[in-house]
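Novice: Just a sequence and a predicted model for now, questions to come.
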Amino acid sequence: MFSLKLAALTVTALVAWNTAPASALTMKECGETYRAAKEGGTLNGMDWAAFRKEKCATSAAEGVSADTVKTAEQPKKETSAAVAPTVAPAGVTFPTNLAAEFKTEKPAKARMKTCLQGYHDNKEAGTLNGLRWIQKGGGYYSLCNARLKAES
């Protein structure tokens, strides 16, 4: 009887100690705590979902403040300066209007197919000068699509 009380007291202390820093509990640790409480008989009728919400989950305020701290500590990358919008190299040509064979398609798909046709024409002519179909900062498709949208 004494060992059962000692086990229950140990489990209760373990649960109380582990839930003080609630954000530190992982699902694995929470599961182990639940099993220990279940074996010790200290669940008081709680099921897994209720136990997890009460003992393992962090409050919304703690979660937001922890996320804010983590985000503030990470160094920011200067992507705006590193990735400038791509300008079409000299010699690259773009279609000025939708190809007649794609006029029955939805506008977005018609623009894509028209641009793809223009891309293949430029590729065969060797006038792409390093411009790819899709690339960071805007490739052939992005530039072509923007021009066709402006024309419509």
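Specialist: That came through, no problem.
Novice: Could you give the number of residues near Leu116?
Specialist: 16 (other CB atoms under 10 Å). All C-beta spots, glycine's among them, are computed from the backbone N, C-alpha and C.
Novice: So for it, what pLDDT did the model give?
Specialist: At Leu116, the predicted lDDT confidence score is 95.
Novice: So it versus Lys28, what's the distance?
Specialist: Distance, Leu116 to Lys28, by CB to CB, to the nearest Å: 49 Å.
Novice: Leaving out sequence neighbours, find the closest residue to Cys144.
Specialist: Residue nearest to Cys144 in three dimensions, not counting chain neighbours: Cys115, with 3.8 Å by CB to CB, 6 or more residues apart in numbering.
Novice: mind checking the SS state of that neighbour?
Specialist: On the three-state scheme (DSSP: H, G, I helix; E, B strand; the rest coil), Cys115 is labelled helix.
Novice: my guess is it meets Gly139, correct?
Specialist: No - taking contacts as CB atoms under 8 Å, Cys115 lies outside contact range of Gly139: 10.1 Å.
Novice: what about the two, which has more around it?
Specialist: The residue with more neighbours, out of Cys115 and Gly139 and counting by other CB under 10 Å, is Cys115; that gives 23 against 17.
Novice: Right, I'll leave it there.
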